[in-house]
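K.L.:
below are the sequence and a predicted model for it; my questions follow.
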Amino acid sequence: MKRLLTLLFVLNSLTTLAQQTGDYTITIATTDPSLNGDSLDIYFHIPTTYDAGVASKMILGFHGLGNPDNSNDIRNYLSPLGDSLNAVVVCPDPYLQDQPRSEIVLNLAYDSVMAWFNIDTNQIYITGYSAGSDVAAQYVFGEPTHRMKGFIWHSPGFFSSPDLSNPQEIPPVCLCSGTVDFVSIVQTNLLNSNNGLIGAGFPYLFNPIPGVAHTMEYSTFTQEMLECINFIDANSSNVGIQEWTGNPVSIYPNPLNEGANLMLTGLDGDVSVSVFDASGRVVWTRQLQSVSSQTSLPDFRDGLSAGIYSILIQSDKGRLTKKLVVR
């Protein structure tokens, strides 16, 4: 009984601490054997405008091996961004170059924050710097436990072969890199046409920062990150893919070349299909009645220029969004 009361006291103390605003650190014990009994330090910045009665945005950030090289510093770099967005900034300590343990840390931090704060799960951004950007990238491009609204890939390092094979499940990506950053792998690996972002089936923005090397320590950092956030917001018509309760839906071919018909599989009943361009403007819409499991849209390509589009599907099964490349 005494042990239970002690545990409840600790949990209540953490919850009370987590309701404060400003900068602080919370240390939680971990039981996962993969972490070898290590405790987890989570560095927070809570804007003074945070209101527990209103669901807030969240920014997850991971430090690298350069500047910043610890969770306290990256929290400090991201704090003005959190203030601008009225977003909770969360920076757990990763195991750099040890992805399995880093993902355990990421999920533990995510779950803990959900218990302590009122967070909108459709308004979570993930970012990282250098090797920490590698941690975030492998999470987003892999099979993430928690989906993010968007990913800001800053001065990436150590990550040379991203898997872009399932573009419908990848959120908008903003790639930041200094134009004199010779450590980052941007110039050699990420901006190529074979296995890189060029031609990828999801929205991305390359944001080069003039005269900046391998660091987050530059005067326009917050403004550059806000540019990324605005791009993500403009290209995220619906993050809540879990709202869909029907069968899995596929679209093909993707990319869609001129002369090909777009096919949708997995739909049934009455369905509304709307298409948005990169600016969020509706460019095509149809009300489909009594559709079967495989539906052809022969006039879909007419009038659409090459680019990346969001397809919003709605029915009594809910709503979900798919990304499509038109060539």
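P.N.:
Arrived safely.
K.L.:
which helices and strands sit right next to the helix or strand where residue 45 lies?
P.N.:
Residue 45 is part of strand 40-46, with elements assigned from DSSP states H and E. Under the contact definition 3 or more Cβ pairs under 8 Å, 6 or more residues apart in numbering; DSSP states H and E, strand 40-46 sits against strand 22-28, helix 71-85, strand 87-92, helix 99-116. For glycine as for every other residue, the C-beta is placed from the backbone atoms N, C-alpha and C.
K.L.:
any idea how far the helix or strand hosting residue 125 is from the chain center?
P.N.:
Assigning secondary structure by DSSP H and E places residue 125 in strand 119-129. How far strand 119-129 lies from its chain's middle: 6 Å, per Cα atoms, centre = their mean, to the nearest Å.
K.L.:
what pairs with that strand, parallel or antiparallel?
P.N.:
Here strand 119-129 is paired, per DSSP bridges, with strand 56-62 (parallel), strand 150-154 (parallel).
K.L.:
low pLDDT regions in the chain?
P.N.:
1-19, 159-160, 165, 168, 187, 193-195, 199, 237-244, 278-281 (pLDDT under 70).
K.L.:
hmm, 50 instead?
P.N.:
1-14, 238-242 (pLDDT under 50).
K.L.:
give me the domain ranges for it.
P.N.:
2-234, 241-326 (automatic domain parsing).
K.L.:
and residue 142, what are its phi and psi?
P.N.:
Dihedral pair for residue 142: phi -90, psi -130, per degrees, to the nearest 10.
K.L.:
deepest-packed of the strands paired with strand 119-129, please.
P.N.:
strand 150-154 (a mean of 28; mean count of other Cβ atoms under 10 Å).
K.L.:
which SSE is immediately downstream of that strand?
P.N.:
strand 173-178.
K.L.:
now distance to residue 260 too, for the strands paired with strand 119-129, in CSV please.
P.N.:
What follows is the strands paired with strand 119-129, written out as CSV (distance: least, Cβ to Cβ, whole Å):
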stretch, distance to residue 260
strand 56-62, 38
strand 150-154, 29
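K.L.:
ok so, going back, can you say which of the domains of the chain is packed in most?
P.N.:
It is domain 2-234: most buried of these by mean count of other Cβ under 10 Å, with a mean of 18.
K.L.:
and that domain, how far from the chain's centre?
P.N.:
A distance of 8 Å separates the centroid of the chain from that of domain 2-234, by Cα atoms, centre = their mean.
K.L.:
for the stretch 151-300 of the chain, which segments are assigned as helices?
P.N.:
Counting by DSSP state H, counting those that start in this stretch, the segments of the stretch 151-300 of the chain that form helices are 221-234.
K.L.:
looking at the helices and strands packed on strand 40-46, which is closest to residue 315?
P.N.:
helix 99-116 (28.9 Å; Cβ to Cβ).
K.L.:
elements contacting the closest one?
P.N.:
Partner elements for helix 99-116 (3+ Cβ pairs under 8 Å, 6+ apart): helix 2-18, strand 22-28, strand 40-46, strand 56-62, strand 87-92, helix 131-141.
K.L.:
can I get that helix in PDB, CA atoms only?
P.N.:
Below are the C-alpha coordinates for helix 99-116, written out as PDB (Å, rounded to 0.1, in the frame of the first residue of the first chain):
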ATOM      1  CA  GLN A  99      17.800   3.800 -34.100                       C
ATOM      2  CA  PRO A 100      16.000   1.000 -32.100                       C
ATOM      3  CA  ARG A 101      16.700   2.600 -28.800                       C
ATOM      4  CA  SER A 102      16.100   6.100 -30.100                       C
ATOM      5  CA  GLU A 103      12.600   5.000 -31.200                       C
ATOM      6  CA  ILE A 104      11.900   3.600 -27.800                       C
ATOM      7  CA  VAL A 105      12.900   7.000 -26.300                       C
ATOM      8  CA  LEU A 106      10.800   8.800 -28.900                       C
ATOM      9  CA  ASN A 107       7.700   6.800 -28.200                       C
ATOM     10  CA  LEU A 108       8.100   7.000 -24.400                       C
ATOM     11  CA  ALA A 109       8.400  10.800 -24.600                       C
ATOM     12  CA  TYR A 110       5.400  11.000 -26.900                       C
ATOM     13  CA  ASP A 111       3.200   8.800 -24.600                       C
ATOM     14  CA  SER A 112       4.300  10.700 -21.500                       C
ATOM     15  CA  VAL A 113       3.500  14.100 -23.000                       C
ATOM     16  CA  MET A 114       0.100  12.900 -24.000                       C
ATOM     17  CA  ALA A 115      -0.600  12.000 -20.400                       C
ATOM     18  CA  TRP A 116       0.600  15.400 -19.100                       C
END
